[in-house]
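Asks: starting from these lines, generate the structure:
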Amino acid sequence: MLNHFLYGSAYYYEYLPYERLDEDIKMMKEANINVVRIGESTWSTYEPQEGKFDFSKLDKVIDAMATAHINVILGTPTYAIPTWMAKKYPEVMLTDKSGKHQYGARQLIDFTHPTFKFLAERIIRKMLKRTSQKPNVIGFQVDNETKHFSTSSNNVYIAFQKWLKNRFDSNLDQLNAEFGMDYWSNRINAWEDFPPINSTINGSLGSAFEKFQRTLVTAYLQWQVNIVNDYKRSDQFVTNNFDLEWRDQSFGLNAAVDIYKTSKVLTDTAIDIYHPTQSHLTGAEIAFGGDIARSTKDKPYIVMETEAQSFKNWVPYPGQLRLQAYSHIASGAKMVEYWHWHSIHNSFETYWKGLLSHDFKPNPVYNEAKKIGAELQSIGSNFVNSTKQNRIAIVVSNDSLTSVDWFPFRDKSEDHQYNDVLRNYYDTLYKLNTEVDILPIDSPKIFKYDLLIVPMLYSATDGQLSSLNQYVHEGGNIVYGFRSGFTNENVKVRTTVQPGIISKAIGAEYELFVDPNQNAGTNEVENLVTVSGQSELADLKNAAVHDWMELLTVTTGKILAQYNHDYWGKYAAITENKYGKGKAFYIGSFFDQKDMKIIFKYILKKTGVWSNRQEQSFPIINKRLIDSVHRNHLDFYFNYSSKPQKVIFYSSEGTSLFTHENLHNQDTFILKPWDLQIFSTSF
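Replies: Next up is the predicted model:
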């Protein structure tokens, strides 16, 4: 196992406009870069014609990096196929909702097709046979940002039917009943009459297909891992670089891959995180992606790609590249790698710039990377085997994400609206300096947390909801977002008063849900009135609700806030209930982050998870790692603003890793704009 921090970049020797490998390595060494990722995007270079292989450039780079003592992560080149394959074997091209694709972009292949898999396996084995035993090859990335890409060719449809047959024990009557297929005469009376899925209007069938498509990703990467395992040494890792929902930046849970299930086939989880910078840098995307990646295996993770310069609006201000690097580390990263080393001179990503600009000369971003590299050379070993001890977990669900796509809570959009709620809750907690793990609904680990936050659990099994009730009854605390518990795992609406099974724990129920728009064009209720006696929530008096209102009536619970409305004013918007030894909170509407901050602050204090770390909030962000080697805390303080900030140190005693200055509890210090400090403190 490596005992030093990995710091590096993707490196594409094949893209260089002229020979400069030696100069690149010299500049990498000056920046203390100790790892590069190569090979994942250049199949057409290594196999220019079918069966004719040329790995000379691959060998040259690996050997040159070995001489320079730079580690290599080798990517399998399967996410972008060569032209000869598309020409000779057009059946491998992706079919999705838009039809069959033509050659051009990456990731437009049907990765389940036998012809593609035959050709992919051949080049993977040839690459690994010649490279896997090279001492500086420390790991392998199988494929690249793998998702299901809505693959739906005939062989995928056939496999889906087999999957459904197995799930319903070949009982079509049961499938029809669970999916509500009698509606609009969609009933399937014979398996051979199975309809196309891409044109279905049935949310249950459509959601089931997307769940199945996610299993294809897991199976595909498992297939590649099995090939790698035939060649890898015991000290080498195997990973895939997961990505998040893309909204011109990394945003939310990815609908097209189940990162939790798929990460189980890998030795390590890696993730790609891209985010705004300059005046829009908050660190929230870094923390969110990191918390997901870390939580998949409860251990340090790999940042396989993050930005250096990237776009013109993402070129970091001075100090921000360093702030970003340590933000990844503070979430539990054991490696930070930039995409990419040099800016590309042709084709699609010409203006997605790397550490070096198109002139290959040192620049302010590269020079700041040198500073980071020098610091990590000195202190990086502190971070390699770090852990977290978070008391709070956010519980997420790919099934709910998919089903909400079919039944959105606001006007239909291309974005995944589940993620709007997830990030609304997450970002609020983040800015309150409340660290969380992010776990799937079926994780057995959720019972160890003091507080669970469950955004919009729209689709869940009876067993999952009953388990959450049990968690509360045994002393746990839970917060549900609106629309939770509404449908079962087949997106079939429960026939009980909502929110069904969890009503017992939350002590409230509803029959009606309405649009807050009481006046055309406003789309909000102007005021939300808090209940007398709840002074902590008094600031909600002027809160607005958006898009969705559940008209809650308490049974055993109490009202924390209710609507100020001529007709809906008697109903609750937020409730609290003691259930067994624990407490359950229910939020029946969609609130802005400023109002969610008031709500969460109340809940954190009420459930005993509030600490002095929450006494200061954004733009000061405080994160904590536990260094399991040196047995101490590492407290990170970040200033995500363009102004100096006064910071309170909240630990018994600490020593700065940078300046070696000693501080005691509630001492203060100043952080410059976009600056940070790290203190080592004893347990």
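Asks: OK, contacts around residue 625?
Replies: Going by CB atoms under 8 Å, 6 or more residues apart in numbering, residue 625 touches 329, 330, 332, 383, 386, 387, 388, 633, 634, 636. Where you see a C-beta, it was placed from the backbone N, CA and C, and this is true even at glycine.
Asks: so it bridges to which residues?
Replies: residue 634 (DSSP bridges).
Asks: with residue 437 instead?
Replies: residue 393.
Asks: surely it touches residue 390?
Replies: Yes: at 5.0 Å, residue 437 counts as touching residue 390 under the criterion of CB atoms under 8 Å.
Asks: list residues touching both of those two?
Replies: residue 449.
Asks: I'd like the next helix or strand past the helix or strand of the chain with the lowest mean pLDDT.
Replies: Least confident helix or strand, the chain: strand 524-525 with a mean of 57, by mean pLDDT, DSSP states H and E. Downstream of strand 524-525, the first helix or strand assigned by DSSP states H and E is strand 528-530.
Asks: which strands and helices sit next to that next one?
Replies: With contacts taken as 3 or more CB pairs under 8 Å, 6 or more residues apart in numbering; DSSP states H and E, strand 528-530 sits against strand 558-563.
Asks: show residues contacting the strand it packs on.
Replies: 507, 525, 528-531, 534, 537, 540, 543, 545, 549, 551-552, 569-577, 585, 602.
Asks: which non-adjacent residue is nearest residue 423?
Replies: In space, and not counting its chain neighbours, residue 423 is closest to residue 252: 5.7 Å by CB to CB, 6 or more residues apart in numbering.
Asks: now residue 294: closest residue in space that isn't a chain neighbour?
Replies: Using CB to CB, 6+ apart, the closest residue to residue 294 is residue 332 (4.0 Å).
Asks: thought the one you found was touching residue 388?
Replies: Yes: Residue 332 is within contact range of residue 388, at 6.2 Å (criterion: CB under 8 Å).
Asks: quickly list the domain ranges of the chain.
Replies: Following automatic domain parsing, one finds the domains of the chain at 6-149+213-385, 154-207, 392-608, 618-682.
Asks: what is the rounded mean pLDDT of the first one?
Replies: Regarding domain 6-149+213-385, the rounded mean pLDDT is 97.
Asks: picking up where we left off before, now do the shared contacts for residue 332 and residue 388.
Replies: 294, 625.
Asks: any idea which residue of this protein is furthest from its center?
Replies: Computed with CA atoms, centre = their mean, the maximum C-alpha offset from the centroid of the chain is found at residue 566, amounting to 41.5 Å.
Asks: surely that one is in a strand?
Replies: No: Residue 566: not assigned to a strand; according to DSSP: H, G, I helix; E, B strand; the rest coil it is coil.
Asks: quick check: phi and psi at it.
Replies: With angles defined as degrees, to the nearest 10, residue 566 sits at phi -60, psi -30.
Asks: and the gap between it and residue 573?
Replies: 15 Å (CB to CB, to the nearest Å).
Asks: likewise for residue 132?
Replies: For residue 132, the distance to residue 573 - CB to CB - is 58 Å.
Asks: for residue 489, same thing?
Replies: Taking CB to CB, one finds residue 489 at 28 Å from residue 573.
Asks: what does residue 496 give?
Replies: From residue 496 to residue 573 the distance is 21 Å (CB to CB).
Asks: who touches residue 469 in this structure?
Replies: Neighbours of residue 469 in contact, by CB under 8 Å, 6+ apart: 501, 502, 504, 505, 579.
Asks: give me the subset of these lying in strands.
Replies: residue 579 (DSSP state E).
Asks: buried subset of the contacts of residue 469 as a PyMOL selection?
Replies: Selection of buried members from the contacts of residue 469 for PyMOL, criterion 16 or more other CB atoms under 10 Å:
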select buried, resi 501+502+504+505+579
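Asks: export the contacts of residue 469 to CSV and append columns for distance to residue 644.
Replies: Below are the contacts of residue 469 laid out as CSV (distance: CB to CB, whole Å):
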residue, distance to residue 644
501, 51
502, 46
504, 51
505, 46
579, 47
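Asks: between the contacts of residue 469, which is nearest residue 165?
Replies: residue 501 (28.8 Å; CB to CB).
Asks: contacting residues for that closest one?
Replies: With CB under 8 Å, 6+ apart, residue 501 has these contacts: 462, 465, 466, 469, 485, 494.
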